[in-house]
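Take a look and give me a structure for this.
(chains A and B)
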Protein chains: 2
Amino acid sequence: MSNTILLKSRPEGVPVSSNFEFIEEKIPELEEGQIHLKTKYVSVDPYLRGRMNDTKSYIPPFQIGEPIDSGIVAEVLESRNENFKTGEYVTARLPWKKEIISNGDNLQKVNPNTAPLSAYLGILGLTGLTAYLGLTKIGKPKEGETLVVSGAAGAVGSVVGQIGKIMGLRVVGIAGTDEKIELLKKDFGFDVGINYKTTKDMREALGNACPNGIDVYFDNVGGDISDAVLFHINKFARMVICGAIAIYNETSLPKSISVQPFLIKNSALMQGFIVSNYAEHFPEAINALGGWLKEGKLTYEETVVEGFENIPQAFIDLFSGKNKGKMVVKV
Amino acid sequence: MSNTILLKSRPEGVPVSSNFEFIEEKIPELEEGQIHLKTKYVSVDPYLRGRMNDTKSYIPPFQIGEPIDSGIVAEVLESRNENFKTGEYVTARLPWKKEIISNGDNLQKVNPNTAPLSAYLGILGLTGLTAYLGLTKIGKPKEGETLVVSGAAGAVGSVVGQIGKIMGLRVVGIAGTDEKIELLKKDFGFDVGINYKTTKDMREALGNACPNGIDVYFDNVGGDISDAVLFHINKFARMVICGAIAIYNETSLPKSISVQPFLIKNSALMQGFIVSNYAEHFPEAINALGGWLKEGKLTYEETVVEGFENIPQAFIDLFSGKNKGKMVVKV
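Residues are numbered from 1 along each chain as shown, chains lettered A, B, ... in the order given. Model prediction:
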């Protein structure tokens, strides 16, 4: 029975199921200091696509013939490590395996009574941290300003928009279906939602949605949407470059409107954001997110796919926007 | 006799002489509080091209039928203002006129004994301030890092490179003639010069010139050169976007390689820089520049064109790189 998923070949463009291989690996005998984990939830995320290319980046690329890894919540089945007990739950970046042998390094314990287990892959995990720290540390939002979020119905985007509202900004979200636009406005409290798939002129639509211009842009997508944003940025605008899902799958180098003249004109900033650079702020972020969650000020959406065998397809489906909020696989 | 230069029409692409009109304006009678100035040196700068378009920017566009203005050093011919005396020299952003009536606002006195008058339009003027403040406040250079400067033989670029060397960086300059490359290395102390006009593969050339990658990029040009830089930026690279002369004259929206994936991968920053936002740091900058100038650590190059009637052509010649260092017109 297959229990491990390897990268079989590097995707060209959008990943397909033949890029992945299921194999059965024997689970080794537990040694002193080790823990035997059972995978409960697996996070699938757009950024994993970048790691499937063989290029230098902030985390090393996946190797062909090796397991893929991502955020996982697992249960301790058996422990020969004094820091962990059977029945406890942990989270970490772990390989796509049904069962995992770990030495305990980098495992963080999570409490299933505080929040559902899957939340630790989302709103209380890297997703929430990314939203909070990208927005506050680079976007530096100020009350009364206008925030535009692309990929707004996605895992990170929906949290960014809600934090923007908590902080008193006008929040405009961009997403790709009318259902998502409804969600933005009803569930997440965005002021305006723009469906980029049915909007002919994004530049005009953004102008209408942002009568006072754009002060903060939280960018999850890149591409044409981000080009349209440039025409409306205000002096000293901050653009948090968090993801570029619109161009991750391009096989040639994507081109965009040259940003330089817009940056000069507006003394504006664009900064690439990677949450791991802000590790010293994690406690602050978790504290804020946990507080808002408890107060009912933050809600989150997740799309749960069932079954270990569906992990690759769940990942592939991210690129056609099949998820609402965080996409996780329940194993 | 013509004594005033107006914007006659907005340039399309590279400016041409018919975009300018020479007229004779009567010089009004001097009133109480006013000063009669005689123009000595006029600064021509690439950024003026942007002001010739009718678009929102950090300074209002020039109006058709109105005089163009830029940095000018002038002599006080007659004064009915107690703060200024005949024979003193002043600098400010002033209209392209042979003689100017001013109420004294915003005029800064300059001392012809400390440095030649034209230096106040260059190394001790906005050029030097731009180089120093752009590099230090956004570029945040650290000893041992690698700095790349585009438009390196230009007024700002040549100062940026020298400051980089003073601060202990490896400095690579990009310019467009072999003569300029010689100048960079011999006069300004750059470690490497790359002639982009004779280099087939800029990406490769930059890779060879920057074996440890690029930490700071001071961008005066935009366009293909800046695209090539992206492939070599290091983690936490800072790109100071100071000018985009390569694309100022494009009549359609220029396109470039999408910067977003590079910014994300490297947690890198691009920031538009306008010196006037940093006015509170001018004293610090002038102090540093003046000190280095006195110690002989900074040299500057200027191209002096003679004659009021040659101001438009001197400006036009900027776009074919006819200047070395700061371009000024002696009136």
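
what's the model's confidence in the lengthiest strand in chain A, averaged?
The longest strand of chain A (DSSP state E) is strand A:69-79. The predicted model assigns strand A:69-79 a mean pLDDT of 96.

For it, C-alpha coordinates in PDB please.
Provided in PDB are the C-alpha atoms of strand A:69-79 (Å, rounded to 0.1, in the frame of the first residue of the first chain):
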ATOM      1  CA  ASP A  69       7.300  18.100   2.100                       C
ATOM      2  CA  SER A  70       4.900  20.800   3.300                       C
ATOM      3  CA  GLY A  71       3.100  21.800   6.500                       C
ATOM      4  CA  ILE A  72       1.700  18.800   8.300                       C
ATOM      5  CA  VAL A  73      -0.200  18.100  11.500                       C
ATOM      6  CA  ALA A  74       0.500  14.700  12.900                       C
ATOM      7  CA  GLU A  75      -0.400  12.600  15.900                       C
ATOM      8  CA  VAL A  76       2.300  10.900  18.100                       C
ATOM      9  CA  LEU A  77       1.700   7.100  17.800                       C
ATOM     10  CA  GLU A  78       4.700   6.000  19.700                       C
ATOM     11  CA  SER A  79       7.500   7.900  21.300                       C
END
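
which strands and helices sit next to that strand?
strand A:35-43, strand A:89-95, strand A:99-102 (3 or more CB pairs under 8 Å, 6 or more residues apart in numbering or on different chains; DSSP states H and E). (Glycine included, C-beta is placed from N, CA and C.)

could you dump those to CSV with mean neighbour count?
Formatted as CSV, the helices and strands packed on strand A:69-79 follow (neighbours: other CB atoms under 10 Å in any protein chain shown):
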stretch, mean neighbour count
strand A:35-43, 24
strand A:89-95, 19
strand A:99-102, 18
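
Out of those, which is closest to B:Ser258?
Taking CB to CB, strand A:35-43 is the member of those nearest to B:Ser258, at 26.1 Å.

Just the mean pLDDT for the closest one, thanks.
Rounded mean pLDDT across strand A:35-43 is 97.

now what about the next helix or strand along the chain from it, what contacts it?
Next helix or strand after strand A:35-43 toward the C-terminus (DSSP states H and E): helix A:47-51. Contacts to helix A:47-51, defined as CB atoms under 8 Å, 6 or more residues apart in numbering or on different chains, come from residues A:11, A:15, A:57, A:59-62, A:68, A:70, A:243, A:248-249, A:315, A:319, B:261, B:265.

10 Å - rerun?
Outside helix A:47-51, the residues that touch it by CB atoms under 10 Å, 6 or more residues apart in numbering or on different chains are A:7, A:11, A:14-15, A:45, A:57-63, A:68-71, A:126, A:130, A:242-245, A:248-249, A:274-275, A:315-316, A:318-319, B:261, B:264-265.

Quick check: buried residues in that helix?
A:47-51 (16 or more other CB atoms under 10 Å in any protein chain shown).

can you give me the helices for chain A?
Here chain A has its helices, by DSSP state H, at A:47-51, A:126-133, A:155-166, A:178-186, A:202-209, A:223-230, A:245-248, A:260-266, A:282-294, A:311-317.

Taking helix A:223-230 as reference, get the angle to the fifth one.
Taking axes from the mean of the first three to the mean of the last three CA atoms, to 10 degrees, one finds helix A:202-209 and helix A:223-230 inclined to each other by 50 degrees.

Mind giving me the packing neighbours of helix A:202-209?
strand A:146-150, strand A:170-175, strand A:192-195, strand A:214-219, helix A:223-230 (3 or more CB pairs under 10 Å, 6 or more residues apart in numbering or on different chains; DSSP states H and E).

Would you mind finding the most buried of those?
Mean neighbour count (mean count of other CB atoms under 10 Å in any protein chain shown) peaks for strand A:146-150 among those, with a mean of 30.

what about that one, near chain B?
No - using CB under 10 Å from any CB of the partner chain, we find that strand A:146-150 stays clear of chain B, coming within 10.8 Å at best.

I'd like the buried residues of helix A:47-51 as JSON lines, with distance to A:Gly139 and pLDDT appended.
JSON lines is the format used below for the buried residues of helix A:47-51 (distance: CB to CB, whole Å; pLDDT from 0 to 100):
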{"residue": "A:Tyr47", "distance to A:Gly139": "19", "pLDDT": "85"}
{"residue": "A:Leu48", "distance to A:Gly139": "24", "pLDDT": "93"}
{"residue": "A:Arg49", "distance to A:Gly139": "24", "pLDDT": "92"}
{"residue": "A:Gly50", "distance to A:Gly139": "22", "pLDDT": "87"}
{"residue": "A:Arg51", "distance to A:Gly139": "25", "pLDDT": "91"}
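
Write the PyMOL selection for whichever of the contacts of helix A:47-51 are buried.
To isolate the buried ones among the contacts of helix A:47-51 in PyMOL, judged by 16+ other CB under 10 Å, type:
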select buried, (chain A and resi 7+11+15+45+57+58+62+68+69+70+71+126+130+242+243+244+245+248+274+275+315+316+318+319) or (chain B and resi 261+264+265)
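
Is A:Val76 in contact with A:Val110, as I believe?
No - contact criterion CB atoms under 10 Å: A:Val76 and A:Val110 do not qualify, at 11.3 Å.

So for those two, which residues contact both of them?
Contacts common to A:Val76 and A:Val110, judged by CB under 10 Å, 6+ apart, are A:88-90.

Could you dump the residues you listed into TSV and include pLDDT?
TSV is the format used below for the shared contacts of A:Val76 and A:Val110 (pLDDT from 0 to 100):
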residue	pLDDT
A:Glu88	97
A:Tyr89	96
A:Val90	95
